[in-house]
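Colleague: quick one: sequence and predicted model below, then my questions.
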Amino acid sequence: MELLIKNGFVFDPINGINGEKMDIAVKNGKIVESVHDRRAKKIDATGLTVMPGGVDIHCHIAGAEVNTGRLMRPEDHIKDTERKTTLTRSGVGYSIPSTFTTGYRYSRMGYTSLMNPSMPPLEAKHTHEELNDTPMLDKASYPLLGDWWFVLEYLQKGDLAECARYVAWMIGTTKGYAIKIVNPGGLESWGFGRNVHTIDDKVPNFDITPREIMCGLAKVNKMLNLPHTIHVHTNNLGLPGNYATTLDTMRALESVATDGKPVAHITHLQFSSFAGDDWGSMRSGAEEVAKYINAHSHITCDMGQVIFTDTTTMTADGPFEYTLYQLSGHKWVNSDVETETSGGIIPFHYKRNNAVNATQWSIALELALMIEDPWKIYLTTDHPNGGPFTAYPKIIGWLISRKARMATLKKCHKKAQKKSLLPTLKRELSLYDIAIVTRAGQAKALGLKNKGHLSVGADADIAIYNVNPETTDIARKYKTVRRAFGNAAYTIKDGKVVVKDGEIVQHVDGRTIWLDVQTAEQVKVDEEMKRRFREYWTVEYENYPVTDHYLKISDPRTIKADV
Amino acid sequence: MITLTPLKQFRFPVMAECINPDVFQGKSVDEIVQLTVWEGNKQKKLGDLFKIEQTPAETPSIVINGNVEEVRRIGSGMKSGEIVINGNAGMHLGEKMAGGKIIVNGDAEGWAGSDMKNGLLEIMGNAGPYLASPYRGSSTGMRGGKIVVHGNVGTDAAVFLKGGTIKIIGDAGPFMGFRMCDGTIHIEKNCGTRVGACMTGGKIVVSGVLEEVLPTFTIDSVKAKVKIEEGDSATGPFYVFIGDLAESGNGKLYVSKANNPQLSTYEKYL
Amino acid sequence: MSTTVNAVTCPVCGCLCDDIELTIENGVVVKVKNGCAMCESKFFNYKNEHRNKTPLMRKEGKLVPVSYDEAIHKAAEILANANYPILYGWSSTDCEAQRVGVELAEEIGGVLDNTAVVCHGPSILSVQEVGIPTCTLGQIRHRADLVIYWGCDPWSAHPRHLERYTTFTEGRFKGSEWKEYMNKVKASAGKKKLLSLERREIVKRKPEPIIEKVTVNKPPETLGKAGRKLIVIDVRKTMTAEVADYFIQVEQGKDYELMLAIRALVKDHELDVDQVAGVPVEYLEELVDAMVNCDFGVIFFGMGLTHSAGKFRNVDVAISLIRDLNRRTKFAILPMRGHFNVTGANTVSTWQSGYPYAVDFSLGYPRYNPGETSVVDVLLRKESDAALIVASDPASNFPRKAVEHLVANPLIVIDPHMNATALLGDVVFPAAIVGIEKAGTAYRMDHVPLPLKKVVEPPEGILSDEEILSRILEEVRVIKSQRMQEAA
């Protein structure tokens, strides 16, 4: 199939294209130099904005945790339903949409690739089964490895090479894409209801510290040549004063950085940038964190924007969710996974008139505006933790328009208003910047070579929005932009038009991307390994791996490791 | 006034949230006939299921003549006007209602007055389970208004009650007022087990028999009289219990002394 | 020819033991290693039971053999024409079939419900109100030093639960209490032998004064011991209770009161009563001490809790207790799920529709309200006009009035065996046995997904649940599009 997108204003930051009027040609699902002018189907993009398809580096959309969130919140679904059509399956929202609805809603916003950031290896099959039922998108998952006993033991022994081999084995076994670290050491401690509070606390029963886990895995990540860096959810997340821990974490990782390239992605940075001593004195630590990131090149991050709405928080950080339970008394799910990780879920309503919530809202925007290089910080809500992904257009509005964010700030708690740094921040992102923070930057940080740009050979994942950058002052007309990004004029997935005017016009299945990491010497699967398996887990070695049966469309990327 | 008469005995569930004075307001009969309802998995028009007539009388706004126990969500979210149902009413009658009045000359199925905010719901017969209680997973609960049931009430009524008054002239089922935090319930006859479990505030008055008080309630005093609402009080004497201790709660449970001699063992703690 | 297949997942109960070793000779299982009696019975007997060899259809009152094609067309016609069909069962089939089931329910605007509605469905209602602090079974093996079984008897219903996951397993931080149990069993066997000798008057003993009344429910000295402790709370002394360190006999139907009282005691409140549900409050205080002072505690609950007076509120109070206890130490709670893939049925239904069971698609989108949209209630109110039953036998376990309405309307049954429901059906499909003749996926009671193996071939020509359902779905779509064309 051939397709020609004519005359649009193209924003393709990886290629430095900033709103130039040009045509994009597509053939067989890829961007090509040119197509047969007569045969090709044409899309007239005159007066419209053309970007690569959106990429989300961190959104909880599938797996055990997400599904337990769905199960516990019928009151969240009943207010937001999707009727079956001849093309689409039915479903429910709101903060934790059912799988089909998740796919459709992302697609309607022009997104084409997502990263599901929290996969307990033991339950990886579940994650993949759900991803198979999440249409319209290419997907990948990060296995949770920061508190896996194998990792703790090999790092504690100082055997990085063996650790790397096991991590490579685990990524292949779970069909994963990157190393996810959540509250390193804290999750193992949580097995007995405890936590770690600095990056140098010893993990109970294991002679190791969070610093050693993070630096060790960052080195392993390099040895394995993984396309993405380690993906870190810091210690003390969500607690006042934690910006200091975040700074400690980033400083600790300096030792791994040698070539000026990023070695770690600090995810949902907002939740890790609180200053103050307690909830009463909690304030923004964005300035300190942004200053550090501006001065260093080894860190990328994403926002973790808070939206004022009723949402569902869910993370592998069991002790953090427990803190939320203590604060709120809400219904609370905790789910620890043997040998690997923990998890927790709490419904949460972020309110403008709550000083802490309003400050959180401000912090994320402060970070996005004060971190000067848009290639370092990406737009996320840590869906659904800060709010549902359907709020992305709102965030775009706040980023491109001082007027938009001041309008919201004015409605916030007085104390939060007074402490907010937003009034001093004049920066307004351009559409070029938005293309970076919503796709190009994310694709680059993930090492997704065929995504996030429109060069010849790239996947033909394209979003077209109804914004004319020539005639629209986006800072003033932010509502127009918000509407446009909420309902793509076209979404094109693998060269197929799947959305038109915000409606699904074709149901397609996306691919599941995973890494086949090839180490020179491989993990030995012998009787000893099987015995150890039985000792550590309650399932047999043979039944642990995610087999091809669990991937509807498998897209393995072969990686040659240095070990 | 609009009169609705069912054209048949409904077999499948009928979803008819459009039967609501606010929706009918300003519409002609022809327009009302066209309103959308669902019967089982088929979409229908209101006129397919009901004979619809208009009379000049102002009140009540809507009268339904006949049994409509399969018709659900009547008066859902209504803010004003009056509905009279001469027959039995289906589930979710007057759920989330914020004003106006519903009178049922018959029984009402489950979830009547669910999450009610204001207005009056009067059921001349019996009410099913979950009267005034919230939807699954929600802790909203009834916040205001008044419900009167002349017959008996099913299980799990007034869960998460946060305000308003519920008067039950007959008997009440188990778990009445579960996790309630405010508001008043008066049960004129007998009450099922585990009344007030996990309550943290509010008032439950049992004028009839309550076999057993939960072990996590502690006796506070004996009172001669208790106020139900402005101009209405119940005469005792009543044992007054405080609970539920499992929630470190401060709810008040009044139980008739005369009708419950088995509770006299508590008197030693007074 | 004899082959051995190892790491087979057992398709019987929610334990989903995956270490079964089978020996197969000439396409028949001849040896089962590691399995419990239930497991052995399943793998040895699946062939001997009343297997149905061909689809059947009721014609002139009699079930007669027909082709799959004819049966599928008939089934699709029934479902496509129904105004309020129900689709029930699902807990004894694989997730792959369940996925098609949800799609079919949506396509025909039906009510989809699984057997959780009559077992742990009520537990889910409580999870929706208060959440659930839980964990995978391995966490318990490695860490738990206090294991409480409440209203369940794993010894009989989940035979390998204790040896694989809890008290009798060797964990990283906590050891097995197997030896102690052996001593206890020996002692108890000795006692029994003595009693039997007495009965047969071979040995004569002076009758001891019976002081049972006082010691009933008294905690043993060992409650304060180091190492793993096992407590059983039930209305009767079950097999599991026999091996427990402490057995609490709760008065019938008073679990709620007992648990609520424990909650108040955990919060250091004083009670106005001396005993609750037959247990003196001073004993309860000792129990609370044991709970608060453990490193990692867990409560497993069964139908004894979900189906006695109070129903799902019993689970509510149990979970609330665990919430309270987590403010003092680490505690988890797990339901003892029965059917091997009832957890999967809830899981699949939830990711596709947002709701775990009792999902009503009649309005074109998922709606959920057990009591309103649950199949038993739908049947009792006589609302449905057709039914599809998959891998379940509601005719033998639903209330009589519900069964009457079920069979009064067209009834389609997919099951490997001729069960009671199948005998009453109008269209009956034989199916391959999931986990023996069909590979797939099932979820363990703690939500760990495990692959099910195909170890032998199904009887010739027999399709799987997944295939049958897919073909019905396809046929329904054909019928519907024909109808749309006719209308146009």
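Modeller: Right, received. Where do you want to start?
Colleague: gap between the nearest residue to A:Glu129 once chain neighbours are set aside and A:Ile61?
Modeller: Distances taken as Cβ to Cβ, 6 or more residues apart in numbering or on different chains place A:Tyr550 nearest to A:Glu129, at 6.2 Å, with adjacent residues excluded. (Glycine included, C-beta is placed from N, CA and C.) Using Cβ to Cβ, to the nearest Å, one obtains 16 Å as the distance from A:Tyr550 to A:Ile61.
Colleague: can you give me the strands in the stretch 301-450 of chain A?
Modeller: With DSSP state E, counting those that start in this stretch as the definition, the stretch 301-450 of chain A shows strands at residue ranges A:310-315, A:332-336, A:344-349, A:377-378.
Colleague: which elements pack onto the last one?
Modeller: In this structure, strand A:377-378 packs against strand A:299-302, helix A:441-446, with contacts taken as 3 or more Cβ pairs under 8 Å, 6 or more residues apart in numbering or on different chains; DSSP states H and E.
Colleague: if we use 10 Å, what do you get?
Modeller: strand A:299-302, helix A:355-370, helix A:441-446 (3 or more Cβ pairs under 10 Å, 6 or more residues apart in numbering or on different chains; DSSP states H and E).
Colleague: pull out the CA atoms of the first one and give them to me as PDB.
Modeller: Same thing as strand A:299-302. Taking C-alpha atoms only, strand A:299-302 is exported to PDB below (Å, rounded to 0.1, in the frame of the first residue of the first chain):
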ATOM      1  CA  ILE A 299      20.500  11.500  32.900                       C
ATOM      2  CA  THR A 300      17.300  11.600  31.000                       C
ATOM      3  CA  CYS A 301      13.900  11.800  32.800                       C
ATOM      4  CA  ASP A 302      10.200  12.100  32.400                       C
END
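Colleague: neighbour count winner among A:Tyr550 and A:Ile61?
Modeller: A:Ile61 (26 against 21; other Cβ atoms under 10 Å in any protein chain shown).
Colleague: wait, doesn't the more buried one sit right on A:His383?
Modeller: Yes - counting by Cβ atoms under 10 Å, A:His383 is a contact partner of A:Ile61 at 7.2 Å.
Colleague: give me the common contacts of the two.
Modeller: Common contact partners of A:Ile61 and A:His383 (Cβ atoms under 10 Å, 6 or more residues apart in numbering or on different chains): A:96-97, A:102, A:106, A:114, A:117, A:389.
Colleague: quick one: buried ones out of these?
Modeller: With burial judged by 16 or more other Cβ atoms under 10 Å in any protein chain shown, the buried subset of the shared contacts of A:Ile61 and A:His383 is A:96-97, A:102, A:106, A:114, A:117, A:389.
Colleague: and chain B, which of those residues reach it?
Modeller: With Cβ under 10 Å from any Cβ of the partner chain as the criterion, these include none near chain B.
Colleague: between the residues you listed, which sits nearest chain B?
Modeller: A:Ile96 (12.1 Å; Cβ to the nearest Cβ).
Colleague: just checking, the closest one touches A:Thr390?
Modeller: No - in this structure A:Ile96 lies outside contact range of A:Thr390 using Cβ under 10 Å: 11.6 Å.
Colleague: who does C:Leu112 bridge with?
Modeller: Counting by DSSP bridges, C:Leu112 is bridged to C:Leu87, C:Val359.
Colleague: look up how far chain A lies from it.
Modeller: 12 Å (Cβ to the nearest Cβ, to the nearest Å).
Colleague: which of the helices and strands in the chain ranks last by mean pLDDT?
Modeller: Assuming you mean chain A. Every helix and strand of chain A was ranked by mean pLDDT, DSSP states H and E. The lowest is helix A:527-536, at a mean of 90.
Colleague: oops, chain C please
Modeller: helix C:212-215 (a mean of 47).
Colleague: pull the helix or strand that that one is followed by out as PDB, backbone CA atoms only.
Modeller: For helix C:212-215, the following helix or strand on the C-terminal side (DSSP states H and E) is strand C:229-234. This file holds the C-alpha atoms of strand C:229-234, laid out as PDB (Å, rounded to 0.1, in the frame of the first residue of the first chain):
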ATOM      1  CA  LYS C 229       3.000 -21.600  63.500                       C
ATOM      2  CA  LEU C 230      -0.200 -22.900  62.000                       C
ATOM      3  CA  ILE C 231      -3.600 -21.800  63.200                       C
ATOM      4  CA  VAL C 232      -6.900 -23.100  62.000                       C
ATOM      5  CA  ILE C 233     -10.200 -21.300  62.600                       C
ATOM      6  CA  ASP C 234     -13.200 -23.200  61.600                       C
END
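Colleague: and strand C:229-234, how far from the chain's centre?
Modeller: Between the centre of strand C:229-234 and the centre of its chain there are 20 Å (Cα atoms, centre = their mean, to the nearest Å).
Colleague: domain-wise, how is the chain divided?
Modeller: Let's take chain A. A:2-52+A:453-504, A:54-446, A:512-540+A:551-560 (automatic domain parsing).
Colleague: um, chain C though
Modeller: C:50-119+C:340-487, C:125-335.
Colleague: what is the end-to-end distance of stretch C:232-243?
Modeller: Start and end residues of stretch C:232-243 are separated by 9 Å (Cα to Cα, to the nearest Å).
Colleague: do stretch A:175-187 as well
Modeller: 22 Å.
Colleague: and for stretch A:456-472?
Modeller: Stretch A:456-472 end-to-end distance (Cα to Cα) = 29 Å.
Colleague: average pLDDT for it?
Modeller: Mean per-residue pLDDT for stretch A:456-472: 97.
Colleague: buried set for it?
Modeller: Neighbour-count burial for stretch A:456-472 [16+ other Cβ under 10 Å]: A:458-467, A:469, A:472.
Colleague: C:Asp268: what's it in contact with?
Modeller: The contact partners of C:Asp268, by Cβ under 10 Å, 6+ apart, come to B:245, B:248, C:288.
Colleague: name the element the last one belongs to?
Modeller: In other words, C:Val288. Using DSSP H and E, C:Val288 falls within helix C:281-293.
Colleague: deepest of the domains of chain A, which one?
Modeller: domain A:54-446 (a mean of 23; mean count of other Cβ atoms under 10 Å in any protein chain shown).
Colleague: for the stretch 301-450 of chain C, just list every one of the helices.
Modeller: Listed in chain order, the helices of the stretch 301-450 of chain C (DSSP state H, counting those that start in this stretch) span C:303-306, C:312-325, C:342-353, C:375-380, C:394-397, C:400-408, C:420-424.
Colleague: could I get the fifth one in PDB with only the CA atoms?
Modeller: Read that as helix C:394-397. As requested, the backbone C-alpha atoms of helix C:394-397 are provided in PDB (Å, rounded to 0.1, in the frame of the first residue of the first chain):
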ATOM      1  CA  PRO C 394     -24.900 -25.300  37.000                       C
ATOM      2  CA  ALA C 395     -27.800 -27.800  36.900                       C
ATOM      3  CA  SER C 396     -26.300 -29.700  39.800                       C
ATOM      4  CA  ASN C 397     -25.300 -26.700  41.900                       C
END
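Colleague: nearest to chain B: which residue in chain A?
Modeller: The nearest approach of chain A to chain B comes at A:Glu75, 3.7 Å away (Cβ to the nearest Cβ).
Colleague: before we move on, which element is that residue in?
Modeller: Using DSSP H and E, A:Glu75 sits in helix A:74-77.
Colleague: what helices or strands is that helix leaning on?
Modeller: Counting by 3+ Cβ pairs under 10 Å, 6+ apart, helix A:74-77 packs on helix A:64-72, strand A:91-92, strand A:310-315, helix C:121-130, strand C:367-368.
Colleague: among these, where is the model least confident on average?
Modeller: helix C:121-130 (a mean of 93).
Colleague: per-residue pLDDT, the residue of the stretch 151-300 of chain A found nearest chain C?
Modeller: Closest approach between the stretch 151-300 of chain A and chain C, counting by Cβ to the nearest Cβ: A:Gly193, at 3.5 Å. Looking at A:Gly193, its pLDDT reads 96.
Colleague: and it, what does it touch?
Modeller: Applying Cβ under 10 Å, 6+ apart, the residues near A:Gly193 are A:318-319, A:322, A:334, C:143, C:295-296, C:326-331.
Colleague: how about the residues of the stretch 1-150 of chain B by chain C?
Modeller: B:10-13, B:15, B:38-43, B:69-70, B:72, B:90-92, B:109-111, B:128-130, B:134-139.
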